[in-house]
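**Student:** sequence unknown, structure follows:
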Ligand code: FES
Ligand SMILES: [Fe+2]
C-alpha cells in the first residue's frame with residue numbers, strides 16, 4: 001500500500017468518525033446478539049475452543065524485536081504447551097516443542113536469552129538453533145541411531161509484520177499470508193520492528209471472551225476508564241473494519257471536536273500511521289493505543305520475564 005493510499009484510507013476513517021461524532025452514533029452490528037451464559041462458563045465448550053481454535057490457528061506469540069539476533073531465543077508455555085522460538089544463523093525464526101527427544105525433559109526454562117546450542121539438563125543431548133540433534137553424551141552406548149529421527153518437534157512458524165506467528169499443532173499447515181490477507185497492510189502501519197519492548201506483564205482474567213468483549217466496544221470507556229484513557233477518547237464511538245477473522249476497531253480522541261471545526265481534515269506528520277493524534281487502533285489480539293501499549297489476549301499467554 002502506498003503512502004498516498006494509506007493517507008486516503010486514514011481520511012476515510014476520519015470522515016466516518018466525524019459523521020458519527022456529529023450525530024452521536026457509532027458503527028453497529030447488524031442486529032442484537034444474545035449469548036447464553038454457557039458460552040462463557042461451560043468447561044466442555046472451553047476445552048473445545050482451546051483445541052479447535054487456539055491450537056489450530058496462527059497465534060502471535062512474540063515480537064520480532066524480542067529475538068533481534070541469530071542465537072536469540074524465547075521459551076514460553078502456551079496452552080500448557082512448552083515451546084522455544086529460536087532465531088537461527090540465517091536470521092530465520094523456528095519454533096519447536098521445548099521437549100527433549102530422549103525422554104522429554106524441558107531444554108530450558110521459560111524466558112528470553114541467547115544460546116549457541118540447546119543442551120538438555122537431563123542427559124546432555126544437544127540440539128542446534130534449528131532443532132537438529134547434534135550431540136549425544138555416550139553416543140556409543142546407544143547403538144545405531146539416526147539423528148534425523150530425533151530432531152526437535154517443529155511447529156509451523158512464520159515472521160510477518162514484526163510478529164512471530166505459531167500454530168501449536170505440528171501437523172497443522174499454516175499459510176500466514178492467506179491468514180493475514182489485507183490485514184497485513186494494517187499491521188504494517190504499526191511498524192512494530194521499530195518499537196522498544198518496555199515491559200511484559202501477564203494479567204489473570206475471568207476468561208478470554210470476557211477480555212475480548214471489553215475490547216470490542218467503547219461503550220464502557222467513560223465510566224471504567226474515566227480517570228485514564230477515557231479522558232482522551234470519545235466514549236461509545238467506534239469505527240470497525242473486518243478482514244476475514246482479523247479485525248480492527250478505531251477509538252477516537254476528543255480532538256475530533258477540534259478536527260470537526262477544521263476544514264479540510266488534516267492528519268499529523270504520522271498521517272499514515274493508525275496511532276495518529278486523534279485515532280487509536282486496536283487489533284483484536286494486538287492493540288496499540290497512541291503508540292504506547294501493546295498487548296495480547298487469549299486463554300493463556302506467557303511472557304519473557
Ligand atoms: S531427557 Fe534429554 S537427554 Fe535425556
Ligand atoms: Fe476497556
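**Tutor:** Structure's in. What do you need? Fair warning: this is a prediction, and the values are worked out from it, not measured in the lab. Ligands and ions are numbered 1, 2, ... in the order given.

**Student:** who in the stretch 51-200 of the chain is up against ligand 1?
**Tutor:** Contact residues (Cβ under 6 Å from any ligand atom) of the stretch 51-200 of the chain with ligand 1: 100, 102-103, 105, 120, 122-125. Yep, even glycine has a C-beta here, placed from its N, CA and C like the rest.

**Student:** any of these buried? List them.
**Tutor:** 100, 102, 120, 125 (16 or more other Cβ atoms under 10 Å).

**Student:** how would you label the most centrally placed residue in the chain: helix, strand or coil?
**Tutor:** The geometric centre of the chain, computed from its C-alpha atoms, lies nearest to residue 60 (Cα atoms, centre = their mean), at 3.5 Å. State at residue 60, reduced to three classes by DSSP: H, G, I helix; E, B strand; the rest coil: strand.

**Student:** same thing with residue 168?
**Tutor:** Secondary structure for residue 168, judged by three-state DSSP, is coil.

**Student:** ok, the residue lying closest to residue 241 once chain neighbours are set aside to ligand 1 distance?
**Tutor:** Distances taken as Cβ to Cβ, 6 or more residues apart in numbering put residue 248 closest to residue 241, at 5.4 Å, once the chain neighbours are dropped. Note on residue 248: its distance to ligand 1, by Cβ to the nearest ligand atom, to the nearest Å, is 44 Å.

**Student:** ok, residue 113 next?
**Tutor:** Going from residue 113 to ligand 1 by Cβ to the nearest ligand atom gives 19 Å.

**Student:** ok, and the closest non-adjacent residue to that residue?
**Tutor:** residue 73 (6.0 Å).

**Student:** ok so that neighbour is a strand residue?
**Tutor:** Yes - according to three-state DSSP, residue 73 belongs to a strand.

**Student:** what's the burial count for it?
**Tutor:** For residue 73, the neighbour count with other Cβ atoms under 10 Å is 24.

**Student:** distance of it relative to ligand 1?
**Tutor:** In this view, residue 73 and ligand 1 are 17 Å apart by Cβ to the nearest ligand atom.

**Student:** enumerate every residue touching that residue.
**Tutor:** 67, 84-87, 108, 112-115, 118, 129 (Cβ atoms under 8 Å, 6 or more residues apart in numbering).

**Student:** one more time with 10 Å
**Tutor:** Each residue near residue 73 by Cβ atoms under 10 Å, 6 or more residues apart in numbering is listed here: 62, 66-67, 84-87, 93-94, 98, 107-108, 111-115, 118, 129, 304.

**Student:** same thing with residue 71?
**Tutor:** The neighbours of residue 71, taking Cβ under 10 Å, 6+ apart as the test, are 86-89, 113-117, 129.

**Student:** for the protein, which spans come out with low pLDDT?
**Tutor:** In the predicted model, the chain carries pLDDT under 70 at residues 1, 3, 259-305.

**Student:** can you pull the buried residues of the helix ranked longest in it?
**Tutor:** Longest helix in the chain by number of residues (criterion: DSSP state H): helix 3-23. Of the residues in helix 3-23, 6, 9-10, 13-14, 16-18, 20-21 count as buried by neighbour count, 16+ other Cβ under 10 Å.

**Student:** what sits up against stretch 217-227?
**Tutor:** Residues from elsewhere that reach stretch 217-227, judged by Cβ under 10 Å, 6+ apart: 26, 213-214, 228-240, 249-252, 280, 282.

**Student:** and if we set it to 8 Å?
**Tutor:** Where contact means Cβ under 8 Å, 6+ apart, the residues beyond stretch 217-227 that reach it are 26, 214, 229-231, 233-238, 249, 251.

**Student:** and residue 165, that one's in a helix?
**Tutor:** No - Residue 165 sits outside any helix when classified using three-state DSSP, being strand.

**Student:** find the nearest non-adjacent residue to it, please.
**Tutor:** In space, and not counting its chain neighbours, residue 165 is closest to residue 58: 4.3 Å by Cβ to Cβ, 6+ apart.
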